[in-house]
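Q: Got a sequence here, can you build the structure:
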Amino acid sequence: MGKTAITINGSEAKNIFPAIIIGVSSAAAGDEVIFFFTPGGAPVMLKGAMEKINEETKNMPDLMEMYEGLVALDAKFLVCELAFDVHGFKEEDLREESEVVGATTFVGVADGANLTLSF
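A: You can find the predicted model right below:
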């Protein structure tokens, strides 16, 4: 069993789909999967944001089905605390599975990752 760390730097379909697809593949292979949403990627973790991307995207796998699979496989969804200052988010605006952390925490959690990707 390995560890995959994925940083998401944007909140558009071109950022989220590759990250989620690779995350699902890693989790299905038995890897621990950690996502870190930088301030640029953090809007994806707002309630309803992924659903909107899923509805607007044609000919792609079902984003919500993949996300729910990741949740079931215990993937971690870490949201950078700086997003709150940058975007004015409130913690209650985020998906339940989100954990608000600083970059230092992500670096510690991702330590020893066999695969590290950024989208």
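
Q: Name the secondary structure element that contains residue 35.
A: Taking DSSP states H and E as the definition, one finds residue 35 inside strand 32-37.

Q: I'd like the next helix or strand past that strand.
A: helix 49-56.

Q: Could you pull up the mean pLDDT of that following helix?
A: If you average the pLDDT over helix 49-56, you get 96.

Q: Show me what the helix or strand just after it is packed against.
A: Following helix 49-56 in sequence order, the next helix or strand is helix 63-72 (DSSP H and E). Other helices and strands packing on helix 63-72, by 3 or more Cβ pairs under 8 Å, 6 or more residues apart in numbering; DSSP states H and E, are helix 13-28, helix 49-56. Bear in mind the C-beta positions are built from the backbone N, C-alpha and C, glycine included.

Q: Quick check: can you name the pairing partners of the next helix or strand after helix 63-72 and their directions?
A: Next in sequence after helix 63-72, counting helices and strands by DSSP H and E, comes strand 76-80. Applying DSSP bridges, strand 76-80 is found paired with strand 32-37 (parallel), strand 98-101 (parallel).

Q: Adding distance to residue 74, mean neighbour count and mean pLDDT, write those strands out as CSV.
A: Formatted as CSV, the strands paired with strand 76-80 follow (distance: least, Cβ to Cβ, whole Å; neighbours: other Cβ atoms under 10 Å; pLDDT from 0 to 100):
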stretch, distance to residue 74, mean neighbour count, mean pLDDT
strand 32-37, 8, 24, 98
strand 98-101, 12, 17, 97
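
Q: Identify whichever of these lies nearest to residue 56.
A: Using Cβ to Cβ as the measure, strand 32-37 is the one of the strands paired with strand 76-80 that comes nearest residue 56, at 19.2 Å.

Q: The helix or strand bottoming out on mean pLDDT in the chain: how far from the chain's middle?
A: The helix or strand of the chain with the lowest confidence, counting by mean pLDDT, DSSP states H and E, is helix 82-87 at a mean of 90. Centre-to-centre, helix 82-87 and its host chain are 16 Å apart (Cα atoms, centre = their mean, to the nearest Å).

Q: What helices and strands are in contact with it?
A: Helix 82-87 packs on no helix or strand, going by 3+ Cβ pairs under 8 Å, 6+ apart.
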